Structures are given as structure tokens and as C-alpha cells.
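Engineer: sequence and predicted structure, then a few things I'm wondering about:
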Amino acid sequence: MSNDFAPRRRFDGSISDTTMDNRTGGAGRVGTSLLRGVVVRVKPYSEAPSPVFPGVLCDVFIYSTSTATCGPLNDVLVSYPYSGLQEGDVMLPRGCTRQMTEIANGILEGNLTPAQLDGDHVLIGFIDGELSLPVIVSYLPHPDADVGKAATDPIGYRTRPLETDGTPAFRKHQGVYAGVDTDGNYEANTTKAHKGVEGVRPADAGGGYTAKGEEVSSTETVGGVATSGNYTVKLKKDAKLLIEFESGNNSIQLTDNNGVLDIATSSAVNITADSIDLAGNSVDLGTSASDAALLGTTYRSQESAMLATIQTTLTAMAATVAPLAAPPLASVPITGAVLAGILTGPISALLSAISSFESGSSSYLSTKVDIG
């Protein structure tokens, strides 16, 4: 199959300046409805051929049971299940890590098979039967799909379903898969995510694929945060995120209230955990909370110190006064001077302990947590 052709008609439907098609010696139509091929190279929009570029194009190596129909086919348009003026799917096919000439020589010489190519296997059709208008209409299962996987790996991470997997429906890309399992549960799983870049990368550099095509999950982190496998939901300003349960009695709503995140529920909330940490410049517990929360540990420490002083002082006073009730002092009149000498010291100590406790009262109250 020759590759030096000039299309009769462009992908946008306009007529080309040249109507000659040299792919089949001048014949402009194909006799086969669909051809099999392996994507060798992907051309995103930045590599648009002039003058018309309707989308993603690929260079594909066509293979068949007959070597007479094997060969390169360039600038094949990628079709998508959904595509419009401002809407559509965004996904690029995967190209081979081999060069087109290496593939052609290897297959035509019989020492390379399509199954050994790591590019996506596709079905190619032709618009209006024109050889000049090839289109990737669908994907074919790769002959070596799930290389390195075990039957015990979860379906979704595996793409070849077994009889024991039931009737799941998943979509997978770069180790991440989402869909419905055979029990009707929806799952979005990012535990095996990787960067999917070409070439061999170790797990701590983003992972991807080995030279044999096996997947390597990423363990790379930056600042303690994983670089792959994160899940983001981004909503417009002042939007809300609502989760409702079938009973109709329970719901959770997150609302962007002019830059403040409001979290509201329609029923009581129970939170159970080994530990719960609340961090913030301020925390209000209750509607219109204004009373400062008591710092229990600090308060109890100071209270303990005050009570210890009082206890020690009163014990000493009791020891001083006790002899006065026993003979021979019991019959001796006590003058004011004597009584003052007995009580002045202890009273001063008690007043000092209470004053010290009160002077630190502001340190017992939280400056960040209010209770209402």
C-alpha cells in the first residue's frame, strides 16, 4: 500500500486541488469496508497538517492476513463517540514506541507480529469509501492485553473479563478505572494510577510502563502529596454539591457562600474516629457562639497549684491552733495580738494563692474557640 497520495476530498468536505489518488495505482475507492491497524504515531492539534485539520490524526500501520495489504497509512482521523462544536470526548490513542520503518520491515520480513506492538489496535473505515478519507472508527482488544496482570487482580484494573467477574462495566486509563461492578456498585479507583508517559519510569518517578508493556503504579510524591491518583471535583463560584440518600431524610450539602464553605445536613450527624483534630484560626461551636472555651489542661494545672497552696496553709494553721485547745493553754486567755500573729501569715498566703490564680485567668480561655 503506497503512501504517496493526494486526497480527492479533505476531511471538512471541500474538494482538493488534486483529485488523483495514487494509493492503489489511481483507484480512489477501497474494496474492503474495514481494515485492521496499529497506531504508530499520534498527531495532536499542535502538529496539524495544512490546510485543514479537523481533529487528532494518527499514522497507522495496516496489517492483514495478507502481506499484500500491510503497510503504513498516514493522517488517519480519530473519531469519537461524542464530538461537537464546543463539546466532546478528549482522549488520545496510544502510539507505538517503535518506528514505522522498523515495524514495516519487521512484519513484512516475518520476524515481528502486530501483537508485539504496544500501540493501540484499531479498526479503520473510509468516508464515502474514499481511500483519501481514512477514519479510526473503533478500537480492537490488544492481543497482549493485561500483560503482567493476574487473574486475582480486580476487574477494572484488568480489562479482560473472566466468567467469575459477572457483568461489570468499567473504563480504564493510566491505571485509573471507574465503573459499575457486577453487584451494581459504582467504583472509582485510583490506587494503581501512573503518569503513563512513554519510556520506562520507576514507581517513584511517576511509574508508567515497563519495556514489556507491564504497568508500574506511581509512588511519586511532592511535599508529601501523591503526583498521581488524586481526585478533583471543581465547581463554579457560589455553586453547591448535594448528596441525597434514597430515604429522603438524609442529605449533605456543600455550598460556596461568597468564599465561605458551608456544610449543611438535613439530620443529625454522628462522627466516630480514633481521634478528631479541628484546626483553624477560629472555631465556633453553636449558633452565634461568643463565650470563650475553657482550656481545661491549663486551667486545671493552675487550679491544682492554688488548691495545693490552700491545703498546705490550712494544714499548717490547724497544726498551730491545735495546741491552744489542750492544757495548759486551753485556760490561757488569747489576746488580739496573739490571734493576729497566728492568722496573719496564713491568711496572706491564701490571698496570694487566690490572687495568683485570678491574674492568670485569661490564659485559661481559648482565643480561637467560642461556645454558644
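Structural biologist: Arrived safely, thanks for sending.

Engineer: for residue 172, what are its contacts?
Structural biologist: Residue 172 is in contact with 156, 157, 159, counting by CB atoms under 8 Å, 6 or more residues apart in numbering. Just so you know, the C-beta spots here come from the backbone N, C-alpha and C atoms, and that holds for glycine as well.

Engineer: again with residue 104
Structural biologist: 61, 70, 71, 72.

Engineer: name the SS class of it, please.
Structural biologist: Classification of residue 104 using DSSP: H, G, I helix; E, B strand; the rest coil returns helix.

Engineer: and it, how far from residue 184?
Structural biologist: Using CB to CB, to the nearest Å, one gets 47 Å for the distance from residue 104 to residue 184.

Engineer: now do the helix ranked longest in the chain: which elements does it pack against?
Structural biologist: Counting residues, the longest helix in the chain under DSSP state H turns out to be helix 296-321. Packing contacts for helix 296-321, counted by 3 or more CB pairs under 8 Å, 6 or more residues apart in numbering; DSSP states H and E, involve helix 336-359.

Engineer: can you give the contact residues for the helix it packs on?
Structural biologist: With CB under 8 Å, 6+ apart as the criterion, helix 336-359 contacts 302, 303, 305, 306, 309, 310, 313, 314, 316, 317, 320, 321.

Engineer: off-centre distance for it?
Structural biologist: 66 Å (CA atoms, centre = their mean, to the nearest Å).

Engineer: and what of stretch 286-305?
Structural biologist: With CA atoms, centre = their mean, you get 39 Å for stretch 286-305.

Engineer: now do the end-to-end distance for it.
Structural biologist: 32 Å (CA to CA, to the nearest Å).

Engineer: before we move on, what about stretch 214-226?
Structural biologist: Terminal residues of stretch 214-226 lie 21 Å apart, using CA to CA.

Engineer: now do the buried residues in that stretch.
Structural biologist: In terms of neighbour count (16 or more other CB atoms under 10 Å), stretch 214-226 has its buried residues at 215, 216, 217, 218, 219, 220.

Engineer: mean confidence (pLDDT) on it, please.
Structural biologist: Averaging pLDDT along stretch 214-226 yields 94.

Engineer: got the contact list for it?
Structural biologist: 147-148, 175, 191-195, 201-210, 227-229.

Engineer: just the buried members of those?
Structural biologist: Members of those classed as buried by 16+ other CB under 10 Å are 175, 192-195, 201, 206-209, 227-229.

Engineer: show me how far stretch 195-206 is from its chain's centre.
Structural biologist: 18 Å.

Engineer: my bad, stretch 106-125
Structural biologist: Stretch 106-125 sits 35 Å away from the centroid of its parent chain (CA atoms, centre = their mean).

Engineer: what does stretch 225-238 give?
Structural biologist: 6 Å.

Engineer: circling back to that earlier point, buried sites along the longest helix of the chain?
Structural biologist: 299, 302, 306, 309, 310, 313, 317.

Engineer: ok, back up a step: for the contacts of residue 104, give me JSON lines that also has secondary structure, distance to residue 127 and neighbour count.
Structural biologist: Formatted as JSON lines, the contacts of residue 104 follow (DSSP: H, G, I helix; E, B strand; the rest coil; distance: CB to CB, whole Å; neighbours: other CB atoms under 10 Å):
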{"residue": "61", "secondary structure": "strand", "distance to residue 127": "20", "neighbour count": "23"}
{"residue": "70", "secondary structure": "coil", "distance to residue 127": "22", "neighbour count": "20"}
{"residue": "71", "secondary structure": "strand", "distance to residue 127": "20", "neighbour count": "21"}
{"residue": "72", "secondary structure": "strand", "distance to residue 127": "19", "neighbour count": "18"}
